[in-house]
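S.K.: here is my input, please return the structure:
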Amino acid sequence: MANWCSNSVAFEGNEATLEQVKLEFIKMKRLGDKENCGQLPKFILDKNRGYFFDILLEDGGCIFNYQTRWSPNTEILLQIAEHFKVDFIYNYEEIGNQIYGVAIYSNNELTEICLEEEDFEQYHYHEETDTYSFEEENYESDYEILEILLKRKIKNKQSQILV
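M.R.: Numbers count the residues shown, from 1 in each chain. Got it, this is the predicted structure:
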């Protein structure tokens, strides 16, 4: 049985093009619901991985939440973005395999920032209190800690670009 990676992608572009992206995702959602299996857009050539499962369209904008098996499907999103000539911001997580990150595709350039093993080692779970400790603070959820760590990596990456 697969571990499920949770994904959220927000596409950016002109209104007409975003409508085409929405229609593509709606088609995949309908077919996925009907066939009870993952989907890919018809124009994707590599059919071996990156399937979209349980697609949900958020109200407003061109934002989709979905599941993938084991890992993010960044390569498939790149193909979608190139096909429709749009940009995207993509967040993904599969904590069981220590996968947590963000990918930004803008002006034909992909920037991906993700946590590494040493990032996950910076906090600890305490079974007796069902809390996590990080930098002398306690948290009820590790997601808050992961967001702090990811934001630091993003800030660090931005400062490196400015130098």
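S.K.: buried residues, the host helix or strand of E112. List them.
M.R.: In this structure, E112 sits in strand 109-114 according to DSSP states H and E. By neighbour count on 16 or more other Cβ atoms under 10 Å, the buried set for strand 109-114 is 113-114. In this view, the C-beta of every residue, glycine as well, is placed from N, C-alpha and C.
S.K.: give me the distance between T111 and K151.
M.R.: Going from T111 to K151 by Cβ to Cβ, to the nearest Å gives 15 Å.
S.K.: what do you get for E112?
M.R.: Shown here: E112 relative to K151, a distance of 15 Å by Cβ to Cβ.
S.K.: next: G60.
M.R.: Taking Cβ to Cβ, one finds G60 at 24 Å from K151.
S.K.: who's sitting farthest from the centroid in this structure?
M.R.: E128 (31.8 Å; Cα atoms, centre = their mean).
S.K.: can you get me a residue count around V9?
M.R.: V9 has 25 neighbours, counted by other Cβ atoms under 10 Å.
S.K.: surely it is in contact with I63?
M.R.: Yes - counting by Cβ atoms under 8 Å, V9 does reach I63; the two are 7.1 Å apart.
S.K.: quick one: list the elements packing against the helix or strand of the chain with the lowest mean pLDDT.
M.R.: Within the chain, no helix or strand scores below helix 142-162, which has a mean of 89 by mean pLDDT, DSSP states H and E. Applying 3 or more Cβ pairs under 8 Å, 6 or more residues apart in numbering; DSSP states H and E, one finds that helix 142-162 makes contact with strand 99-106, strand 109-114, strand 131-134.
S.K.: just to revisit the earlier point, now the helix or strand just after the strand holding E112: how far from the chain's centre is it?
M.R.: For strand 109-114, the following helix or strand on the C-terminal side (DSSP H and E) is helix 117-120. Its chain's average C-alpha position is 18 Å from that of helix 117-120, according to Cα atoms, centre = their mean, to the nearest Å.
S.K.: circling back: isn't there a helix covering the residue farthest from the centre of the chain?
M.R.: No - counting by DSSP: H, G, I helix; E, B strand; the rest coil, E128 is not part of a helix but coil.
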